[in-house]
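Colleague: predicted coordinates and the sequence they were generated for:
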Amino acid sequence: MKDNGHLYFIRHLDSPPDALVPASSKAQAAFVLAVICDDHPRGQRLCAEAGLLRVCLQQLPGAQRLAVGVGGDALLLKWLLLVIGKLCENNVEVWACGGGCMCFFFCAGEVLRVRVLCVLCVSCVVVLLYCI
């Protein structure tokens with residue numbers, strides 16, 4: 001978390017649609033953010049404070065359109081769901097902000113990996129509710 005490098009990737013992921021940033025580039029940024037949040041409480045906290053959950057939730061509808069559109073590219077959707085799962089994992093405060101609510105909508109999707117990542121997000125809820 002040196003030099004606030006996570007902020008660069010959050011801003012990249014949050015780039016507006018008219019910025020012409022390809023979905024594959026946003027997926028790469030989401031990958032890096034998932035690694036930063038993976039089993040790293042400080043990384044989760046810093047990313048949460050920087051608004052990563054809001055950014056991911058805002059990107060989900062566009063990523064869903066890409067996943068069901070012609071060609072069906074679900075790469076960005078998969079990484080966004082993984083970032084949400086890693087951000088919320090063992091993190092009641094972030095989950096309470098609504099992190100998992102949107103994930104439920106993708107559990108019935110056609111892409112197997114997307115459904116698996118939805119299960120990851122939902123399992124975070126179950127674990128947190130069990131621990132409370």
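Modeller: Arrived safely. This one's a predicted model, so the numbers in the text were calculated from it and none came from an experiment.
Colleague: and residue 76, how far from residue 65?
Modeller: 10 Å (CB to CB, to the nearest Å). From N, CA and C alone the C-beta is placed, and that goes for glycine too.
Colleague: distance between the ends of stretch 46-55?
Modeller: 14 Å (CA to CA, to the nearest Å).
Colleague: neighbour count: residue 76 and residue 65, which is higher?
Modeller: Between residue 76 and residue 65, residue 76 has the larger neighbour count (other CB atoms under 10 Å), namely 25 against 10.
Colleague: which SS class is that one?
Modeller: helix (DSSP: H, G, I helix; E, B strand; the rest coil).
Colleague: didn't it look like it was pressed against residue 28?
Modeller: No: using CB atoms under 8 Å as the test, residue 76 is too far from residue 28 to be in contact (9.6 Å).
Colleague: okay, buried residues for stretch 10-23 please.
Modeller: Neighbour-count burial for stretch 10-23, counted by 16 or more other CB atoms under 10 Å, picks out 10, 12-14, 23.
Colleague: local confidence estimate at residue 53?
Modeller: At residue 53, the predicted lDDT confidence score is 88.
Colleague: what about the strands in this structure?
Modeller: Taking DSSP state E as the criterion, the chain contains no strands.
Colleague: which stretches of it form helices?
Modeller: Along the chain, the stretches classed as helices by DSSP state H are 5-13, 23-37, 41-49, 52-68, 75-88, 92-96, 112-131.
Colleague: many thanks, we can stop here.
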